[in-house]
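S.K.: Here is the input, now give the coordinates:
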Amino acid sequence: MRKTILILMLLAMLPPNPVLCENTTEIRLNVVQTLQMALRPVDIAVALNGRRVFALTEAGSLLIYSPDGRLEGSVQLGEGTDIIKATPRDDVLLAGNSREKTLRIITLDMIQEIDTSGLPVKGPMDAPFEIVVFSDFECPSCAELATALDQLTVEYPEQVKVVFMNYPLRSHRHSRAAAAAALAAGRQGRFWEFHDALFDNHDRLSPQKIDEIAQDLKLDTARLKREMSHLEVTAALNRDLTEAARLYVGGTPTVFVNGRILRNHSTESFLSVINRTAPGNEKQ
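M.R.: Alright, predicted model coming up:
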């Protein structure tokens with residue numbers, strides 16, 4: 001009782017309107033962008049990594065936006081869904097229905113359109129299953145994955161094609177030079193041989209080792225060195241990096257199978273996704 005009286009006395013002592021101190025910081029409101037929606041939003045959430053904005057409409061439709069306000073897609077969560085919450089992963093959401101007292105864990109299986117024209121490809125161009133790999137030549141996990149993918153193309157020669165995209169990490173001193181060298185080797189028709197040799201030496205790459213690989217493959221080394229800084233090679237590398245940024249690639253290896261990101265890189269996982277995305281088995 002005494003605590004209650006004390007609290008009431010303190011509240012009575014407060015001024016009716018808040019008093020600003022002399023050093024109050026001025027706050028200005030700036031509307032960066034306004035998204036016009038066809039239906040009234042009942043809840044919104046932002047992925048914890050900032051990569052996506054989610055809006056839940058009164059009809060139970062989930063609208064997915066990029067940070068710049070571009071609508072990436074939508075999916076129906078069902079009428080009655082009135083709560084969404086973000087999780088550490090931008091492809092996992094919590095969806096609640098307050099009337100039915102239910103909470104669902106939702107995974108978003110998003111299919112990305114990736115422009116692979118002109119990129120190094122292993123396997124038939126018309127293969128039904130396209131594996132796009134963002135890789136770094138000094139990454140040990142990338143080296144292991146390259147071996148596994150080679151085996152996959154041997155076992156499924158007509159069904160699988162592998163598309164290589166460069167994503168040299170800043171923490172790896174020689175990975176960008178190795179990427180440029182591989183692209184330059186591709187101009188001499190030897191990309192995949194150079195690719196394999198770089199991964200065989202991923203833990204000891206250096207300018208000298210890159211030169212040695214070029215000599216072992218009997219490439220025109222003078223031309224290779226010259227074309228490593230060629231405008232077309234630089235443009236190809238920058239194109240990979242731009243596409244990686246658009247797809248929110250944050251590390252290596254990052255893998256997409258028929259546009260779907262694959263987080264588990266085991267052979268079994270590849271086969272599971274391939275079977276799931278086979279014609280007639282597409283998830284809507």
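S.K.: Quick check: residue 148 vs residue 132, distance?
M.R.: Going from residue 148 to residue 132 by CB to CB, to the nearest Å gives 15 Å. For glycine as for every other residue, the C-beta is placed from the backbone atoms N, C-alpha and C.
S.K.: Ok, residue 38 next?
M.R.: In terms of CB to CB, residue 38 sits 34 Å off from residue 132.
S.K.: Looking only at neighbour counts, state which of residue 148 and residue 132 leads.
M.R.: residue 132 (24 against 12; other CB atoms under 10 Å).
S.K.: pretty sure that one is touching residue 253, no?
M.R.: No: taking contacts as CB atoms under 8 Å, residue 132 lies outside contact range of residue 253: 10.4 Å.
S.K.: so who does the residue nearest to residue 80 when sequence neighbours are not counted touch?
M.R.: Nearest in space to residue 80, with sequence neighbours left out and distances taken as CB to CB, 6 or more residues apart in numbering, is residue 97 at 4.7 Å. By CB atoms under 8 Å, 6 or more residues apart in numbering, the contact list for residue 97 reads 78, 80, 81, 82, 83, 103.
S.K.: can you map out the helices along this protein?
M.R.: Using DSSP state H, the helices assigned to the chain run over residues 2-13, 140-155, 175-186, 191-200, 207-216, 221-227, 231-246, 267-276.
S.K.: Using the record, which stretches count as separate domains in the chain?
M.R.: Segmentation of the chain into domains, based on automatic domain parsing, reads 38-108, 121-276.
S.K.: Just give me the lowest mean pLDDT stretch among these.
M.R.: Ranked by mean pLDDT, the domains of the chain bottom out at domain 38-108, with a mean of 91.
S.K.: just how off-centre is that domain within its chain?
M.R.: 19 Å (CA atoms, centre = their mean, to the nearest Å).
S.K.: end to end, how far does it reach?
M.R.: Terminal residues of domain 38-108 are spaced 22 Å apart (CA to CA, to the nearest Å).
S.K.: Show the residue spans covered by the strands in the stretch 1-150 of the chain.
M.R.: Using DSSP state E, counting those that start in this stretch, the strands of the stretch 1-150 of the chain run over 41-46, 53-57, 61-65, 71-76, 83-86, 92-97, 102-107, 121-122, 129-135.
S.K.: mind putting these in CSV, distance to residue 227 included?
M.R.: Formatted as CSV, the strands of the stretch 1-150 of the chain follow (distance: least, CB to CB, whole Å):
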stretch, distance to residue 227
strand 41-46, 44
strand 53-57, 42
strand 61-65, 41
strand 71-76, 37
strand 83-86, 46
strand 92-97, 44
strand 102-107, 44
strand 121-122, 20
strand 129-135, 21
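S.K.: Please identify the most buried of those.
M.R.: strand 129-135 (a mean of 23; mean count of other CB atoms under 10 Å).
S.K.: now what about that one, what contacts it?
M.R.: Contacts of strand 129-135 (CB under 8 Å, 6+ apart): 114, 116, 142, 145-146, 149, 152, 156, 159-167, 240, 244, 247, 249, 252-259, 270, 274, 277.
S.K.: want to try JSON lines for the domains of the chain, with distance to residue 27 as columns?
M.R.: Formatted as JSON lines, the domains of the chain follow (distance: least, CB to CB, whole Å):
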{"stretch": "domain 38-108", "distance to residue 27": "21"}
{"stretch": "domain 121-276", "distance to residue 27": "31"}
